[in-house]
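S.K.: I would like the atomic coordinates for the input below:
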Amino acid sequence: MEATNENGGFRTTLRIASNDVISSIYPVDDLVETRMINGNYLLTKIRQKEGNFRADFGFTLMLREHKAFWVDRLTGRYNYQPIPDNDVLDVVSAFYFLRMRDLEVGKDILLNLYDSNEYAPTTVQVLRREKISLPGAREVDTLVLHPLLKTAGVFRHTGDITIWLTDDRFRVPVRIQTSIALGEITVELVAAESTQE
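M.R.: Numbers count the residues shown, from 1 in each chain. Model (predicted):
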């Protein structure tokens, strides 16, 4: 995962790839890139290769105009749709903006998401505080979040995901769990870099 903020443009990138052992059974190579331009245009492209499944689609959210343009590059299908709000985000950028919200255990947060060619208001449950151990024998205090995703999107197999953020002002994502065809996968932070502007 990577997020950058340069020249007034915010960019997030999520890359999921299987290692050599898993790739021999079930190769995974997913890429999600999002750019926010001038606080009005959100451009998202999603490429997925998971086993025999392939997808290559994208969308542009025109927030001030309250509309979305979606295109499937593999089939050539496309459409325009209205979106009701000007604070709509895709799943990956929403994750970054969620970190800046006031998160309290037991208090749900509503995100306005556009995913899988549809607008979907999505509830994020703040489940609990939890101390977890990470690689390198580090223990970290975290907040555990559970977005109740309604669309297939990037997490197309189950729509189920759990996220652990550090319970401090930085809200660093340190663990993510979801499911694929082979079972549950867990991603844990092993290193992080940050640049102050």
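
S.K.: in stretch 115-130, what's buried?
M.R.: For stretch 115-130, a neighbour-count test (16 or more other Cβ atoms under 10 Å) marks 115-117, 119-120, 122, 124-126 as buried. Using the backbone N, CA and C atoms, a C-beta is placed for each residue, glycine as well.

S.K.: residue contacts, residue 67?
M.R.: Counting by Cβ atoms under 8 Å, 6 or more residues apart in numbering, residue 67 makes contact with 80-83.

S.K.: out of the buried residues of stretch 115-130, which are inside strands?
M.R.: 115, 119-120, 122, 124-126 (DSSP state E).

S.K.: which residues touch residue 147?
M.R.: 111, 122-125, 161, 163.

S.K.: one more time with 10 Å, if that's ok
M.R.: Contacts for residue 147 (Cβ atoms under 10 Å, 6 or more residues apart in numbering) come out as 91, 94-95, 98, 109, 111, 113, 122-125, 155, 159-163.

S.K.: likewise for residue 189?
M.R.: Here residue 189 is in contact with 1, 134-135, 138, 140, 164, 166, 172-176 (Cβ under 10 Å, 6+ apart).

S.K.: point out where the protein drops to low pLDDT.
M.R.: 137, 152-159, 180-182, 191, 193-197 (pLDDT under 70).

S.K.: farthest-apart pair in the contacts of residue 189, please.
M.R.: Taking Cβ to Cβ, the two most distant members of the contacts of residue 189 are 1 and 138; they sit 18.4 Å apart.

S.K.: circling back: list only those of the contacts of residue 147 flagged as buried.
M.R.: Judged by 16+ other Cβ under 10 Å, buried ones among those: 91, 94-95, 98, 109, 111, 113, 122, 124-125, 155, 159, 161-163.

S.K.: mind checking which of these land in helices?
M.R.: Among the buried ones among the contacts of residue 147, the residues falling in helices (DSSP state H) are 91, 94-95, 98.

S.K.: which of these sits closest to residue 32?
M.R.: residue 91 (7.6 Å).

S.K.: all helices for the protein, in order.
M.R.: Using DSSP H, helices in the chain cover 20-23, 91-98.

S.K.: the ones you listed: which one's closest to residue 42?
M.R.: Here helix 91-98 is closest among those (Cβ to Cβ), at 6.8 Å.

S.K.: hang on, residue 60 packs against residue 70?
M.R.: Yes. At 8.3 Å, residue 60 counts as touching residue 70 under the criterion of Cβ atoms under 10 Å.

S.K.: what is in contact with the two at once?
M.R.: 44, 80, 114.

S.K.: pull the contacting residues for the spatially most central residue of the chain.
M.R.: In the chain, the residue lying closest to the centroid (Cα atoms, centre = their mean) is residue 92, at 2.6 Å. Contacts for residue 92 were tallied using Cβ under 10 Å, 6+ apart; they are 1, 3, 12-14, 32-34, 44, 46, 115, 153-154.
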